[in-house]
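Asker: What would the 3D arrangement of this be:
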Amino acid sequence: MKNNCLFCAIAAGEIPSTKVYEDDEVLAFLDINPASEGHTLVIPKVHSEGLLDTDDEVLKALVLKVKKIAAEVKTKYNADGFNILQNNGEASGQTVKHIHFHIIPRYDGKPLKFLP
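Answerer: Here you go, the predicted model:
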């Protein structure tokens with residue numbers, strides 16, 4: 001596993017995932033412990049730990065892809081809305097030290113299932 005990083009291994013195809021979107025820069029896949037139906041993670045294929053150490057050009061491409069993928073997820077899962085979440089550091093709840101954005105579809109009348 002490259003750099004002992006779970007998300008690098010997923011991006012390299014070493015660990016299976018349910019892909020939602022992929023191109024040369026970005027991979028999006030379903031979260032294995034979703035907060036709601038369609039909960040998707042979007043990662044850059046190049047490793048960085050968090051927002052502050054991510055190259056500006058990588059971050060720019062990543063955020064533009066998050067926007068595109070969020071629209072597709074909202075449509076595919078017939079969501080009423082969505083949250084975008086990005087954690088930095090263990091104190092924030094970041095469990096995988098590879099920058100990633102959560103796209104969490106929201107449905108009227110259905111509360112989120114948050115992890116402990």
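Asker: So for the longest helix along the chain, what gets flagged as buried?
Answerer: Under DSSP state H, the helix in the chain containing the largest number of residues is helix 56-76. Across helix 56-76, burial judged by 16 or more other Cβ atoms under 10 Å covers 58, 61-62, 65-66, 69-70, 73-74. Placement of C-beta: from N, CA and C, glycine included.
Asker: likewise stretch 31-47?
Answerer: The neighbour-count check on stretch 31-47 (16+ other Cβ under 10 Å) flags 31, 34-36, 38-47 as buried.
Asker: Show me what stretch 95-103 is in contact with.
Answerer: 5-8, 28, 31, 35, 38-44, 47-51, 54, 59, 62-63, 66, 69-70, 73, 82-86 (Cβ atoms under 8 Å, 6 or more residues apart in numbering).
Asker: quick one, phi psi at residue 40?
Answerer: In terms of degrees, to the nearest 10, the main-chain angles of residue 40 are phi -120, psi 140.
Asker: whoops, I mixed them up, residue 81
Answerer: On the backbone of residue 81 - angles per degrees, to the nearest 10 - the values are phi -170, psi -170.
Asker: Can you spell out which helices and strands pack onto the helix or strand encompassing residue 8?
Answerer: Residue 8 belongs to helix 6-11 when elements are defined using DSSP states H and E. Under the contact criterion of 3 or more Cβ pairs under 8 Å, 6 or more residues apart in numbering; DSSP states H and E, helix 6-11 touches strand 26-30, strand 40-44.
Asker: export stretch 32-42 as CSV, just CAs?
Answerer: In CSV, the C-alpha atoms belonging to stretch 32-42 read as follows (Å, rounded to 0.1, in the frame of the first residue of the first chain):
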residue,chain,number,x,y,z
ILE,A,32,-18.4,2.1,3.1
ASN,A,33,-20.2,3.5,6.2
PRO,A,34,-22.6,6.1,4.7
ALA,A,35,-24.3,8.8,6.6
SER,A,36,-27.1,8.6,4.0
GLU,A,37,-27.9,6.8,0.8
GLY,A,38,-25.4,7.9,-1.9
HIS,A,39,-22.7,9.2,0.5
THR,A,40,-19.8,9.7,-1.8
LEU,A,41,-16.1,10.5,-1.1
VAL,A,42,-14.1,12.5,-3.6
